[in-house]
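Enquirer: quick one, structure for this:
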Amino acid sequence: MAIIKVAFDIGGVLSRHTEVLRKMAEVFGSATDIFETHVLTDISKKMAMQMLMDNGLAHLFGRDGERVHHADYAKYGDNCKSVVLKEIGIDVLFDDHMSYLMDAPALGLLVMPRASLPFYSDQWKIYQYAHNVPPTLTSR
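Expert: Numbering: from 1, shown residues only. Model (predicted):
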């Protein structure tokens, strides 16, 4: 059986459901004969790596971020993740944007946005990255 490549989005997915999805990523990451874990996000790879490192998740996605991927929304719009999914052969994607999953060549698992849950869970360390402010660690 081929290795199953599983990818997680960060914003609204790992950031919102940190406790549950961290455990899932750890289980997938420890079963290297079955799974390969990836991150696929539309934020910059540099910012994604910083968030993963500061939230204790970077080690789950390869050495030096080799399995952390940036989807270029500015270039591809809602198809940005589909382009990367095809390039690297991802089998399963956890994402909170239905438009990213609609034409995805992978099993798309919608992590339903819920107004009752904040975008960042209490366990997620966040940055002030809006408006080009340098990533300064803040905790909640």
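Enquirer: can you give me the helices for the protein?
Expert: 18-30, 45-54, 73-76, 80-88, 98-101 (DSSP state H).
Enquirer: the second one - contacts with which helices or strands?
Expert: Using 3 or more CB pairs under 8 Å, 6 or more residues apart in numbering; DSSP states H and E as the contact criterion, the elements in contact with helix 45-54 are strand 35-41, strand 68-70, strand 126-127. Every residue, glycine included, has its C-beta placed from N, CA and C.
Enquirer: mind listing what's buried in it?
Expert: 48-52, 54 (16 or more other CB atoms under 10 Å).
Enquirer: wait, which of the helices of the chain is closest to Lys125?
Expert: helix 45-54 (5.0 Å; CB to CB).
Enquirer: average pLDDT across that closest one?
Expert: For helix 45-54, mean pLDDT is 91.
Enquirer: equivalent analysis for stretch 6-19, please.
Expert: 93.
Enquirer: chain neighbours aside, what residue packs nearest to Arg22?
Expert: Distances taken as CB to CB, 6 or more residues apart in numbering put Leu57 closest to Arg22, at 6.5 Å, once the chain neighbours are dropped.
Enquirer: pretty sure the one you found is in contact with Leu14, am I right?
Expert: Yes. The criterion here is CB atoms under 8 Å, and Leu57 meets it with Leu14 at 6.9 Å.
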